[in-house]
Every structure is written in C-alpha cells, then in structure tokens.
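Q: fold the stuff below for me.
(chains A and B)
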2 protein chains.
Amino acid sequence: MVKKTPPPQATIRRLSIYLRCINGIDEEGISVISSRELADRLDLNPAQVRKDLAYFGEFGKRGVGYSVLKLRDHITTILGMKKKRLVGIVGAGGRLGHALALYKGFEKRNFQVVALFDKDPAVVNQVFGEAGAIHHVSEMPRMVKELGIEILLLCIPPEAIKEVFDYVLLSGAKAVLNFAPVKLSSTDEVTVHNVDLAIELESLSYHLSLRESGIPGEWV
Amino acid sequence: MVKKTPPPQATIRRLSIYLRCINGIDEEGISVISSRELADRLDLNPAQVRKDLAYFGEFGKRGVGYSVLKLRDHITTILGMKKKRLVGIVGAGGRLGHALALYKGFEKRNFQVVALFDKDPAVVNQVFGEAGAIHHVSEMPRMVKELGIEILLLCIPPEAIKEVFDYVLLSGAKAVLNFAPVKLSSTDEVTVHNVDLAIELESLSYHLSLRESGIPGEWV
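A: The predicted structure follows:
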C-alpha cells in the first residue's frame, strides 16, 4: 500500500486540506470527483493532487475520478484520524494557551483537549470550559499516563522550554506541538512540530513583494 | 534572475526557515556554508535545499558553498523583508488577537503591529502595549490608508468574516492572514493566507499513526 519514498511533510499537510475540501464536496451531495475538480477547488495543479495521493497507493479510476466517500475514508486512515487523540495544553494560563484551550476547531477533527497545565500559582486550579481545571505542570507526567494523552501543545515562554520538555519526556507523550518561539527537535521518543507564526507573515511579505515588482497574479 | 516556473508555497515557507538557520550560523562566526551543512541542520535533503534556492537564480559556488552573508541578503530580498511591513490586528480584544498583539516574534522579523481593531464596545479604547488603543473596526479603512498598513491579521469569529472582509476590501490592505476557522480566498486585490491550527495537529496524528504501525523513524 505504501510506496518506498516517504511523502514530504507538505504532502501530509495537503492531505488535511484535501480532507476538508472533500467533506465540503460530500455535503454538496457529490459522490465522485476528478483530480482536476479537486485541484480547481484548492487552486492546485491536478498533477500535484495525483502525485500526493499516489504516495499512499493507487486509488481512483483513470478518467472517472475518486469516490468521495472512499477518498475521505482513505485519507482519514492515512492521517491516523480514525482514532480520537487526547491532547494536553501546557501554559494554558497564558493568552495563547487559553485561546487554544477554547479553540473550537480541534474537537470536530477528533482531537480532544482533556488536560490543562501551567506553573503559575495564580492560574493553577482555574477552570476553563470542558477541559476543566488547570493543573500544576509537575502533575503532567502522571496525568498524561493516566488519561492516555498523546499530544502536548506547548504555549510557554522560551525560558521554560527546557524544564517543560523534561516533564514531556517523563510523561511518555508521543507528540509535541511547540508554539514557543524557539525550535525544538524531535527525539526517538517524541515527534515535535514547531509552529512559527512569523513564517506565515514572511510568506505574505514575499507575495507583497511580487505585487510591488508587478509580477503577474499567476505567481501570487 | 527569476526562473519561469513559480516556486511552490512550500519553498517560500522553507526560505523563512533557511533564513533563521543562516542567522544562527552567522552568529556562530561561520562565513561559508554548503547545501549539505544547511540541509543537515534542518533535517532536509541537500538536493531539496539546492532546488529551493535555484528557483531564484544561481548563487553559491559548486564545491565551495554559499557565502553566509550573501545568502542572507539574497533570501531577505526574495522574501520582501528589507522593507518594514506594517500590520493591523482585527479582533484584538479576543484571546488569540490579544496574544498576537503582544507576540514578540514579529517585530524582530521586520513586521510591526501598529493598529488594533475590534467591534466589541467592551474592548474598544483599551490599550495593549506598543500598538496602543483598540479602535472600532469601522475605523479600519481610514486608518489602514493613513498609516500605510499592508497586512491585516483576522482573529475573529467565523460569523464576522463577511462584514470584516468588506472593510478589508475598502481599506486597500494588500494581504490578510486569516486565523478564523473558515477558508477565505485571495482576490485580485488581496492575497489571503489561511492559518488552520488543526492542520498542525493532523500532521502529528499522521506521525503517531506511523509510530503505531512500527514504520521506522526515517518516516517520522
């Protein structure tokens, strides 16, 4: 089923985008879609869509297209999203941590925030919506194991990273999404993704710069 | 200088990552770096690095490498980052908007948050750090023009998108970074990037799923 070349990270990100698009297509009552139609909706090249999907084996019929339901099922499986993933937020007392604790977009994609952590005594024990009270970060290793949390979101200041990452390693959590403005590396035990909000701005800056130089919209 | 094939969005994103890595290398006092060394530091394939940079013309000497200072200068120019870009935040009274208004990572990358907007009377006129008071969103078109704001960050609920995007079009801002959980499309006038925090989680879920299936770390 899986080819030998590992898919690039960008392909994995696009699978999420395909999935959202396919959900919309299903809601419109469409049952079969071609790579060209899917590409058009997402402003991508059809060859790119076919190449992305081909990393995970052949599906879809040449000249006919993809069954919307089968494609959705297939991508959901590839992304490991059939299983509910439990999430903890570290630094839940901060502004970003707080925003993420209450972000509505996670649950409908099968991620459930079940625990909040912080080390500021002023916020420990405060209750934030369904995820309940904020616990002291020292309770994280025990609670991650007890609750079966797989993913930790780190919304903490850079100077707290080292201490918190020690707790992460103790906890046995398998994945970390790091919002702190310092780069963390994956280890054998933990897969780390670093979110950098300034990168999104830089890529907009590139497009502004193209507009200024009068390069046509095809590039933008 | 610029080749005919437009660089993929993923290449533009990687340029930002190269730039940060190169800044670190410069701080270490290193003046020349090979594509292999750059790739090693970023856990990328050297051919990928060379391909990314080749979109923007040939620089670097075969067998010698890239001058760190020239490479930095070149990427900064490509990304349009020589010029300071002024930024406004819409929905600055919400948790995410508030977090972004005070995010330290933008200014050092030559983005300056100069205006905050919201439509909630309870927060209008509140003062948040250097960007000053929150203005009512109806003042946005005038202020964007007066201050020369180029980029607007939308941190607003989905139901406010239509109204706010009308203000964006009136304002003449050229770029939007949309954090609301609905997809906005670019127009001829405005380049839109949609930030979806759940996508980051989905790509972690994929890696968790690989770990569960025992596929080796090369894939992770």
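
Q: next one: the helix or strand of chain A with the lowest mean pLDDT to chain centre, how far?
A: None of the helices or strands of chain A scores lower by mean pLDDT, DSSP states H and E than helix A:197-213, at a mean of 81. Centroid separation between helix A:197-213 and its chain, computed with CA atoms, centre = their mean, to the nearest Å, is 23 Å.

Q: now do stretch A:120-128
A: Worked out by CA atoms, centre = their mean, stretch A:120-128 lies 26 Å from the chain centre.

Q: and the longest helix seen in chain A, average pLDDT?
A: In terms of residue count, the longest helix belonging to chain A (DSSP state H) is helix A:9-27. For helix A:9-27, the mean pLDDT works out to 84.

Q: tell me the strands beside the very next helix or strand once past it, with direction?
A: Later in the chain than helix A:9-27, the nearest helix or strand by DSSP states H and E is strand A:32-33. Its sheet considered, strand A:32-33 pairs with strand A:66-67 (antiparallel) by DSSP bridges.

Q: and the angle for the helix or strand following the partner strand with helix B:197-212?
A: Per DSSP H and E, the first helix or strand lying C-terminal to strand A:66-67 is helix A:68-78. Per axes from the mean of the first three to the mean of the last three CA atoms, to 10 degrees, the angle that helix A:68-78 makes with helix B:197-212 is 70 degrees.

Q: tell me what helix A:68-78 is packed against?
A: The contact analysis (3 or more CB pairs under 8 Å, 6 or more residues apart in numbering or on different chains; DSSP states H and E) places helix A:68-78 against helix A:9-27, strand A:32-33. Backbone N, C-alpha and C define where each C-beta goes, glycine included.

Q: buried residues of it, list them for me.
A: A:V68, A:L71, A:R72, A:H74, A:I75, A:T76, A:I78 (16 or more other CB atoms under 10 Å in any protein chain shown).

Q: tell me which helix or strand A:P181 sits in.
A: Here A:P181 is assigned to no helix or strand, by DSSP H and E.

Q: chain neighbours aside, what residue packs nearest to A:V144?
A: A:S171 (3.8 Å; CB to CB, 6 or more residues apart in numbering or on different chains).

Q: and the one you found, what does it touch?
A: A:M140, A:P141, A:V144, A:K145, A:I149, A:L152 (CB atoms under 8 Å, 6 or more residues apart in numbering or on different chains).

Q: any idea which helix or strand carries the first one?
A: In the assignment (DSSP H and E), A:M140 maps to helix A:140-147.

Q: what mean pLDDT does that helix have?
A: Rounded mean pLDDT across helix A:140-147 is 97.

Q: quick one: name whatever helix or strand follows it.
A: strand A:151-154.

Q: separation between A:A133 and A:P141?
A: 18 Å (CB to CB, to the nearest Å).

Q: comparing the two, which shows the higher neighbour count?
A: Neighbours were counted for A:A133 and for A:P141 using other CB atoms under 10 Å in any protein chain shown; A:P141 has more, 17 against 13.

Q: do I have it right that that one meets A:D166?
A: No. Counting by CB atoms under 8 Å, A:P141 does not reach A:D166; the two are 9.4 Å apart.

Q: what helices or strands is the longest strand belonging to chain A leaning on?
A: When chain A is parsed with DSSP state E, its longest strand is strand A:111-118. Here strand A:111-118 touches strand A:85-90, helix A:95-101, strand A:134-136, helix A:140-147, helix B:197-212, going by 3+ CB pairs under 8 Å, 6+ apart.

Q: quick one: strands adjacent to that strand?
A: Short version: by DSSP bridges, strand A:111-118 pairs with strand A:85-90 (parallel), strand A:134-136 (parallel).

Q: and it, average pLDDT?
A: 95.

Q: touching that strand from outside, list them.
A: A:84-94, A:97, A:100-101, A:106-107, A:124, A:128, A:130-137, A:139-140, A:143-144, A:147, A:149, A:151, B:198, B:201, B:205.

Q: can I have the buried ones of those residues as a PyMOL selection?
A: A single PyMOL command selects the buried members of the contacts of strand A:111-118 (16+ other CB under 10 Å):
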select buried, (chain A and resi 85+86+87+88+89+90+91+92+93+94+97+100+101+106+124+128+131+134+135+137+140+143+144+149+151) or (chain B and resi 198+201+205)
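
Q: what's near enough to touch the closest residue in space to A:G93 that isn't next to it in sequence?
A: Using CB to CB, 6+ apart and skipping the chain neighbours, the partner closest in space to A:G93 is A:V123 (3.1 Å). Neighbouring residues of A:V123 by CB under 8 Å, 6+ apart: A:A92, A:G93, A:I134.

Q: now with 10 Å, please.
A: A:G91, A:A92, A:G93, A:G94, A:G97, A:H98, A:L116, A:F117, A:A133, A:I134, A:H136 (CB atoms under 10 Å, 6 or more residues apart in numbering or on different chains).

Q: quick check: the first one touching A:V137?
A: So that's A:G91. Yes. Between A:G91 and A:V137 there is a contact under CB atoms under 10 Å: 8.5 Å.

Q: buried ones in stretch A:104-123, by neighbour count?
A: In stretch A:104-123, counting by 16+ other CB under 10 Å, buried: A:F106, A:R109, A:N110, A:F111, A:V113, A:V114, A:A115, A:L116, A:F117, A:D118, A:K119, A:V123.

Q: where does pLDDT dip in chain A?
A: A:1-5, A:214-220 (pLDDT under 70).

Q: domain-wise, how is it divided?
A: Under automatic domain parsing, the residue ranges defining each domain of chain A are A:9-78, A:85-198.

Q: reformat those as a markdown table; add distance to B:D188.
A: Formatted as a markdown table, those follow (distance: least, CB to CB, whole Å):
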| stretch | distance to B:D188 |
| --- | --- |
| domain A:9-78 | 14 |
| domain A:85-198 | 27 |
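
Q: the longest helix of chain A near chain B anywhere?
A: Yes. For helix A:9-27, a contact with chain B is found by CB under 10 Å from any CB of the partner chain, at A:9-17, A:19-21, A:24.

Q: filter those residues to the buried ones?
A: Buried, going by 16+ other CB under 10 Å: A:A10, A:T11, A:I12, A:R13, A:R14, A:L15, A:S16, A:I17, A:L19, A:R20, A:C21, out of these.

Q: that older thread, which one of the contacts of A:S171 is nearest A:R50?
A: A:L152 (35.7 Å; CB to CB).

Q: so the closest one bridges to which residues?
A: As for beta bridges, A:L152 partners with A:G88, A:V176 under DSSP bridges.

Q: report the contact partners of it.
A: A:87-90, A:115, A:117, A:140, A:144, A:164-165, A:167-168, A:171, A:173-178, A:190, A:192.
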